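1. Would you be able to build a 3D model of this:
(one chain, ligands or ions: 1)
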Amino acid sequence: MPVVSATALRFAYRGGPQLIDLPSFALDAGESVFLHGPSGCGKSTLINLLAGTLTPGAGRIEIAGQALTGLARGRRDRLRGDHLGLIFQQFNLLPFLSVRENVLLPCRFSARRAAQASRAVGSPLAAAQALLERLGLDRRLHGRAAGTLSVGQQQRVAAARALIGSPELVLADEPTSALDAAAQQAFIDLLFEQCAATGAALLFVSHDQRLASRFLRVESLPELNRAHPAPLPA
Ligand SMILES: Nc1ncnc2c1ncn2[C@@H]1O[C@H](COP(=O)(O)OP(=O)(O)OP(=O)(O)O)[C@@H](O)[C@H]1O
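-> Have a look, this model is predicted:
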């Protein structure tokens with residue numbers, strides 16, 4: 001069973017042209033997919049549709065076998081919290097909360113994630129600490145306000161937050177855009193390692209095709225998408 005599937009998905013921003021017209025797209029459990037395309041082709045929009053933060057004009061999205069489309073907001077938020085880990089370009093960490101509290105957020109919103117974290121290592125707190133340490137952030141940093149960390153450190157906090165409680169699917173939107181080439185490779189290594197450890201599928205979105213060679217499955221959004229939005233000027 002796919003961990004995420006989209007069928008006959010169509011989307012346009014209000015008053016804008018058709019941006020997404022996707023006959024079908026799916027990821028199987030444990031699969032890692034690199035999705036690329038030029039700036040403005042709709043990659044972030046697609047991620048937000050799959051995450052349920054944008055609502056499609058038509059079509060169906062299923063997460064872990066459950067329909068996301070058509071759900072009321074509260075149930076959609078719960079489905080997202082239970083099954084998805086999200087890493088965005090801007091990390092979306094809460095800068096005044098500690099590193100530890102940021103990582104624990106998904107367990108606060110999802111009893112399922114908290115239970116899975118507890119089953120794995122005893123408690124959500126122990127899971128947060130173990131993940132942070134495996135991602136190279138030692139305990140002295142865990143009580144610091146997230147906003148005081150370097151960009152590379154914040155990226156790893158965002159990864160720990162996405163991975164805690166073993167979500168079935170991790171959606172990563174340009175997560176390495178602020179890193180240099182060596183740090184990008186190291187971050188991708190960590191993501192692969194952690195997704196393999198929890199069995200999570202990974203959808204990694206980037207315009208940077210140099211990263212594609214690390215993935216077994218590589219997809220081009222403009223090739224999948226039957227709507228062809230005009231590229232943004234460089
Ligand atoms: N909230 C919005 N309202 C209206 N138009 C939007 C909105 N967000 C994005 N767009 C437009 O939709 C198109 C696709 O944007 P999107 O961010 O999905 O592209 P992208 O492929 O992720 O680009 P990038 O690689 O630069 O992040 C762009 O033309 C963009 O200007």
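
2. Tell me, how many residues neighbour residue 198?
-> 18 (other CB atoms under 10 Å). Where C-beta positions appear, they are placed from N, C-alpha and C, glycine not excepted.

3. quick one: it from the ligand, how far?
-> According to CB to the nearest ligand atom, to the nearest Å, residue 198 stands 26 Å off from the ligand.

4. Now do the same contact list for that residue.
-> 163, 166, 167 (CB atoms under 8 Å, 6 or more residues apart in numbering).

5. List phi and psi for residue 115.
-> Dihedral pair for residue 115: phi -70, psi -40, per degrees, to the nearest 10.

6. I should have written residue 38 there, sorry.
-> phi -70, psi 160.

7. Likewise for residue 118?
-> Per-residue torsions, residue 118: phi -70, psi -40 (degrees, to the nearest 10).

8. Tell me how far the nearest residue to it once chain neighbours are set aside lies from the ligand.
-> Distances taken as CB to CB, 6 or more residues apart in numbering place residue 124 nearest to residue 118, at 6.4 Å, with adjacent residues excluded. From residue 124 over to the ligand the distance is 32 Å, taken as CB to the nearest ligand atom.

9. got a list of what the spatially most central residue of the chain touches?
-> Geometric centre of the chain, nearest residue: residue 171, 2.0 Å, by CA atoms, centre = their mean. By CB under 8 Å, 6+ apart, the contact set of residue 171 is 47, 50, 51, 84, 85, 86, 87, 203, 205.

10. at 6 Å what do you get?
-> Residues counted as contacts of residue 171 (CB atoms under 6 Å, 6 or more residues apart in numbering) are 47, 51, 86, 203.

11. so how far is the helix or strand harbouring it from its chain's centroid?
-> For residue 171, the host element (DSSP states H and E) is strand 169-173. Taking the mean of its C-alpha atoms, strand 169-173 sits 2 Å from the chain's own mean (CA atoms, centre = their mean, to the nearest Å).
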